[in-house]
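1. Here is the input, now give the coordinates:
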Amino acid sequence: MSFERLWLLPLAGLPLAWAAWRWRSSLRRGALILKALALASILLALAAPSVTVQETKMALAVLADTSASLSPQDLERASGLATRIEGSRGRHWAQVIPFAAATRAPGPGERAKGWKLQPTGGEAGRGTNLEAAIREGMAQLPAGLVPRLALISDGHENQGSAARAAWQARQLGIPIDTFALAGRRRPELRLESASLPAVAFTGEQFPIDVTLHSPRSAAAVVEIAAGGKVLGTSQVTLERGLNQVRVHARLATPGAIDLAGAIRAPELGEVRFAQALTLRRPKVLFLTKDPPGAEVHLSKVLEAAQFELVLAPAGPPENLADFQILVLNNWDLEAVPPAGKAQVEGFVKQGGGLLVIGGENNVYVEHKQAQAEDPLERALPARLAPPRTPEGTCVVLILDKSSSMEGRKIELARMAAIGVIENLRPIDQVGVLIFDNSFHWAVPIRKAEDRSLIKRMVAGVMPDGGTQIAPALQEAYRRIVPTRAVYKHVVLLTDGISEEGDSLTLARDAAASRVTISTVGLGQDVNRAYLEKVALFAKGKAYFMVDPSGL
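-> Purely as a prediction, here's the structure:
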């Protein structure tokens, strides 16, 4: 026992002396004894007595290194040590603290049925700070217990000072036990540099350039990971000396992410690199003159490809720097002011993408070819030059209405002809020629403006008579040649049961006159060889149908 105010001890005897002096004259000797003892106890308490009791209960902090410098075998050994220490702690206090560049809380799968330590991911896993681990371990030890630290590591620190932390622990009387791990073998490869863009766009393939030195030729594997997940690997061949290695990566999730890489050669070891990367969704400025909602399918495709779509039907903004792609949909390029054209050209020169989708609002200037290119034309890969003639396509449909076409065949012929008519434009021309032993025009060649009337006339064709294909082909060819049209096309719908006549000679003449002929064989008993020859010689195509699904 010791006293903080030792000088008060002599005063503790005064109450006892006073009680002895009053003993004979006191009638209440019991009360006198209590008063004397109370005063003596107060004086003893003021002297601040203390008793030192030796404690044998221990507090142990187990510091487990989980940095990238450890091999899987090292982590397995560290896990076994941590498990055995915790399992044999008894009444003592013990806690396992994983660390790398800093200490961390155990992961979800590290503590189930014993310790299964996992490497620390990201940038934190590429550092080993023994000083920070020892300091944190000392701070975690509870007061009143015998303190102790256990350090499990390969000792390859690249941050802090373990010697400084050990000196501080010695000053505090905290011993440190160490368990040495082998660590990874020092690689013979030497990383000189690694570079990748600081900013990239989602869905974009960006390059990663690595420069490293190899002592000899070897095959190696380059592995790229992001956010702890492997994106892919590439096989490369290293030569002796400096090597320039380029790989590519693509990410789809915007935001900031840690991109890490590793180059491994079986006999030369492994080197790693890491860099933070910011991913942004590319922005598309969509200028359209189509009715609202007409671009819904294209916009959904762009959004599914991680593009951010901005619709601007009124016109382009003054600043295009925030966008990566400019889409001009059905936009009158001639109506764009000179300043706007120069702005688009500057946008393309700085790396922006330009997509032009033609439509009815595009205007073709007849005599502009002789003039100098304006800035917008220079930005396009080709000149816009639609056909100069106002004519469209001329189509002549030849329908076989012979008695052999009765039933399913004539029905298929009507449906096929109506399908062609429905896809014509008002500027196109169409004629319907029907034949059996003879031929006549159900619809003479005319503009396809009233398609409903033309389809009703086709629907009224009834089968009857024999089959003479050659005269009908000759008549269609004779009438279509003088028409003014960009494309001239004849479609023959028949079962092909007829004398060939001079059809093949006519087909060759049609091809020479830029008139194409396609044949449609209906039913199962068609003259297939004949129809294929006609289409081949006239540079058309041959089709064969037995039911409406082939339309």
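2. how about stretch 477-491: buried residues?
-> 477, 479-480, 485, 488-491 (16 or more other CB atoms under 10 Å). All C-beta spots, glycine's among them, are computed from the backbone N, C-alpha and C.
3. what's the neighbour count on residue 278?
-> 12 (other CB atoms under 10 Å).
4. which residues does the most centrally placed residue in the chain contact?
-> Compute the mean C-alpha point of the chain, and by CA atoms, centre = their mean the closest residue is residue 252, 1.7 Å away. Neighbouring residues of residue 252 by CB atoms under 8 Å, 6 or more residues apart in numbering: 202-203, 306.
5. now the helices for this structure?
-> Remark: helices assigned in the chain by DSSP state H are 14-22, 29-46, 72-87, 130-140, 162-171, 296-304, 338-349, 375-379, 408-422, 451-459, 469-480, 503-512, 528-537.
6. Would you reformat these as CSV and include mean pLDDT and distance to residue 195?
-> Formatted as CSV, the helices of the chain follow (pLDDT from 0 to 100; distance: least, CB to CB, whole Å):
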stretch, mean pLDDT, distance to residue 195
helix 14-22, 81, 87
helix 29-46, 83, 74
helix 72-87, 92, 30
helix 130-140, 94, 30
helix 162-171, 94, 33
helix 296-304, 84, 30
helix 338-349, 87, 25
helix 375-379, 83, 31
helix 408-422, 85, 58
helix 451-459, 86, 62
helix 469-480, 90, 65
helix 503-512, 89, 59
helix 528-537, 89, 59
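7. which stretch among the ones you listed comes nearest residue 181?
-> helix 72-87 (4.2 Å; CB to CB).
8. wait, doesn't residue 183 sit right on residue 73?
-> No. Using CB atoms under 8 Å as the test, residue 183 is too far from residue 73 to be in contact (10.2 Å).
9. Neighbour count for these two, which is higher?
-> residue 183 (17 against 11).
10. if we can go back for a sec, I'd like the buried residues of stretch 477-491 written out as CSV, with distance to residue 29 added.
-> Listed next are those as CSV, based on distance: CB to CB, whole Å:
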residue, distance to residue 29
477, 152
479, 152
480, 148
485, 143
488, 144
489, 140
490, 145
491, 141
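11. Residue 400: which of the residues you listed is nearest?
-> Using CB to CB, those come closest to residue 400 at residue 491, 11.6 Å.
12. quick one, what contacts the closest one?
-> 395-398, 417, 420, 517-520.
13. Tell me the one of the residues you listed nearest residue 297?
-> So of these, ranked by how close each gets to residue 297 (CB to CB), first place is residue 420, at 25.3 Å.
14. contacting residues for the closest one?
-> 395, 397, 430, 491.
15. let's see 7 Å
-> Residue 420 makes contact with 395, 397, 491 under the criterion CB atoms under 7 Å, 6 or more residues apart in numbering.
16. what pairs with the second one across the strands?
-> Residue 397 has these beta-bridge partners by DSSP bridges: residue 432, residue 491.
17. Surely it is in contact with residue 434?
-> No. Here residue 397 does not reach residue 434: they are 8.9 Å apart, not a contact under CB atoms under 7 Å.
18. looking just at contacts, which helices and strands does the worst-scoring helix or strand of the chain on mean pLDDT meet?
-> The weakest-scoring helix or strand in the chain, judged by mean pLDDT, DSSP states H and E, is strand 2-3 (a mean of 76). Counting contacts by 3 or more CB pairs under 7 Å, 6 or more residues apart in numbering; DSSP states H and E, strand 2-3 is packed against no other helix or strand.
19. Give me the sheet partners of it and which way each runs.
-> strand 49-50 (antiparallel).
20. Which residues does the partner strand contact?
-> Taking CB under 7 Å, 6+ apart as the rule, strand 49-50 contacts 1-3.
21. now it: mean pLDDT?
-> Summarised as a single mean, pLDDT over strand 49-50 is 80.
22. And stretch 485-500, by the same measure?
-> 82.
23. Dump it to CSV, restricted to CA.
-> Output in CSV follows, covering the C-alpha atoms of stretch 485-500 (Å, rounded to 0.1, in the frame of the first residue of the first chain):
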residue,chain,number,x,y,z
ALA,A,485,-38.6,6.9,-114.7
VAL,A,486,-35.5,6.4,-112.7
TYR,A,487,-36.1,2.7,-112.4
LYS,A,488,-38.2,0.5,-114.7
HIS,A,489,-39.3,-2.8,-113.4
VAL,A,490,-41.7,-5.6,-114.7
VAL,A,491,-43.1,-8.2,-112.3
LEU,A,492,-44.6,-11.3,-113.8
LEU,A,493,-47.0,-13.3,-111.5
THR,A,494,-47.8,-16.7,-113.1
ASP,A,495,-47.8,-20.4,-112.6
GLY,A,496,-45.4,-20.6,-115.6
ILE,A,497,-47.4,-23.2,-117.6
SER,A,498,-47.0,-21.8,-121.0
GLU,A,499,-45.0,-22.0,-124.2
GLU,A,500,-41.7,-20.0,-123.8
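24. roughly how far is that stretch from the heart of the chain?
-> 51 Å (CA atoms, centre = their mean, to the nearest Å).
25. Stretch 75-92 now?
-> 42 Å.
26. Which residues does it contact?
-> Residues contacting stretch 75-92 (CB under 7 Å, 6+ apart): 57-58, 60, 62, 64-66, 94, 96, 114-117, 119, 150, 152, 179, 181.
27. So what touches stretch 398-416?
-> 417, 432-436, 458-459, 461-467, 472-473, 476, 490-495, 497, 520, 522-523, 545, 548, 551.
28. Pull out the buried residues from stretch 532-539.
-> Going by 16+ other CB under 10 Å, stretch 532-539 has these buried residues: 532-539.
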